[in-house]
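Enquirer: Provided below are the primary sequence and the corresponding predicted coordinates.
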Amino acid sequence: MKKLIAICTIMALIAAMSAGCVNGKKLKEQALAALSQQTKINNYSFSGQAKIKVNTTANAQTPLLSGLMAMLTDGTVLWKGVSATNPVRFEATFTLQPAGLAQSLQIPLLIKDNKMYAHLPNINSEGEFFAINL
């Protein structure tokens, strides 16, 4: 929803800045018509990535935990998903890619019926999910 508001704000700013270059009244009407359409949006998709580099001196006691810490402190996080408003549903896949390694960890996430479901490949069996009440 924040992404949608940001896009609408940018559209409004562009319309305001270009009002002196073209027919301002027509441009204003077009911008207002576009903004009125935002209430009709039922679903959208999103994607992105972030590079992570955190200096840490913590030493993990188990190989699984040390591997997870390496993924979370040095590497790339990618996300891709869809969201719907009616019914409320959020699906995303987060991919943790450690720096310098070809192997990545994918974590699917689903929010539905006021519950969040997550599958952690190294912990859950195939087809098994954690369920958290929201």
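Expert: On my side now, so go ahead.
Enquirer: what lines up beside the helix or strand containing L78 in the sheet?
Expert: Take DSSP states H and E as the rule and L78 turns out to sit in strand 74-85. Using DSSP bridges, strand 74-85 pairs in its sheet with strand 43-53 (antiparallel), strand 88-98 (antiparallel).
Enquirer: hmm, who's touching the first one?
Expert: If you take Cβ atoms under 8 Å, 6 or more residues apart in numbering as the criterion, strand 43-53 is touched by 3-4, 72-85, 92. (Each C-beta comes from the backbone N, C-alpha and C, glycine too.)
Enquirer: do that again at 7 Å, thanks
Expert: 3-4, 72-85 (Cβ atoms under 7 Å, 6 or more residues apart in numbering).
Enquirer: and what of stretch 97-108?
Expert: Stretch 97-108 is touched from outside by 70-71, 74-76, 78, 93-96, 118-121, with contacts defined as Cβ under 7 Å, 6+ apart.
Enquirer: among the residues you listed, which two are most distant?
Expert: D74 and H119 (23.7 Å; Cβ to Cβ).
Enquirer: thinking again about what came up before, I'd like the strands paired with strand 74-85 as CSV, with distance to L32 appended.
Expert: Formatted as CSV, the strands paired with strand 74-85 follow (distance: least, Cβ to Cβ, whole Å):
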stretch, distance to L32
strand 43-53, 21
strand 88-98, 28
